[in-house]
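*Asks:* Dropping a prediction and its sequence here:
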Protein chains: 2
Amino acid sequence: MTPALDHVFAALADPTRRAILSMLLEDDMAVTDVAEPFEMSLAAISKHLSVLTAAGLISQEKRGRVKWCKLEPDALREASAWMQGFGQMGSIDLDAFEAFLARELD
Amino acid sequence: MTPALDHVFAALADPTRRAILSMLLEDDMAVTDVAEPFEMSLAAISKHLSVLTAAGLISQEKRGRVKWCKLEPDALREASAWMQGFGQMGSIDLDAFEAFLARELD
DNA sequence: ACGATATTCAACCAATTGGTTGACGTTTCC
DNA sequence: GGAAACGTCAACCAATTGGTTGAATATCGT
């Protein structure tokens, strides 16, 4: 039910990745330019970008030899909606909830 | 600057832990009762509760032989605020940002 | 065609994570 | 005082994560 949410929150748990998202707020960027301010290898940044892409937080489009990274706000909105909705959930039918968990945690 | 955010998002990345938070919305619960619907050991749930506590998402108070778990919404609000504020950040001074990263990623 | 640029891939490594089991310390109840 | 209930601790395990380096693959400019 919520594997997407798993990936979104896991992606957001890393400060480097949050910093990358902040940078992409400004504008779309090439991988090399994303990597420039960080003190780690390009390959490491490339991996971080893969994680963000898998989570749906960014998209990457290759034009020529440069791969452009673009913020995708929908996934963020989904996670944000989970949090917002959190306080508004009503009473839980515990039997149904247990059945739900059995399905989800399979 | 944002180690707390790291822990909050990492804690939220696990479906078992999100389910626990949902259960605690309903009411404060003892560790044993939290564990009951899940198909895993009590020790595993105990670890999950430690992670949630470390992230500040819940608090635990021992009364007698039972340890009560209580939702702490402030940490959630902090993460939610990060997301909300995300879309509202202005232009970034890239030199300052780089300096900021240098400090933060130490 | 060649050299430089942009990016990923593959192999590796240390540290962390999510789970298990069994032993252990407390508190309660009879 | 002794058994049962509550919960954690310690040791272990397999899988994942976040990083490295070096080689490989495209693409571009001349």
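*Replies:* Yep, that arrived.

*Asks:* near DNA strand C, which residues of chain A?
*Replies:* A:30-33, A:42-43, A:46, A:49-50, A:60, A:65-68 (Cβ under 7 Å from any atom of the strand). For glycine as for every other residue, the C-beta is placed from the backbone atoms N, C-alpha and C.

*Asks:* among those residues, which are in reach of DNA strand D?
*Replies:* A:43, A:65.

*Asks:* So which of the residues of chain A next to DNA strand C is the closest to chain B?
*Replies:* Comparing these against chain B with Cβ to the nearest Cβ places residue A:33 closest, at 10.4 Å.

*Asks:* Ramachandran coordinates for that closest one?
*Replies:* phi -70, psi -40 (degrees, to the nearest 10).

*Asks:* Now do the buried residues in stretch A:70-81.
*Replies:* A:71-72, A:75-76, A:79-80 (16 or more other Cβ atoms under 10 Å in any protein chain shown).

*Asks:* Go ahead and confirm residue A:72 touches residue A:56.
*Replies:* Yes: counting by Cβ atoms under 8 Å, residue A:72 touches residue A:56, with 5.9 Å between them.

*Asks:* where's the closest residue to DNA strand D within chain A relative to residue A:23, distance?
*Replies:* Nearest to DNA strand D, among the residues of chain A, is residue A:64, at 2.5 Å (Cβ to the nearest atom of the strand). Remark: distance between residue A:64 and residue A:23 (Cβ to Cβ, to the nearest Å) = 21 Å.

*Asks:* Settle it for me: which of those two has more neighbours?
*Replies:* Between residue A:64 and residue A:23, counted using other Cβ atoms under 10 Å in any protein chain shown, residue A:23 has the larger neighbour count: 21 against 6.

*Asks:* gap between that one and residue A:7?
*Replies:* Remark: distance between residue A:23 and residue A:7 (Cβ to Cβ) = 20 Å.
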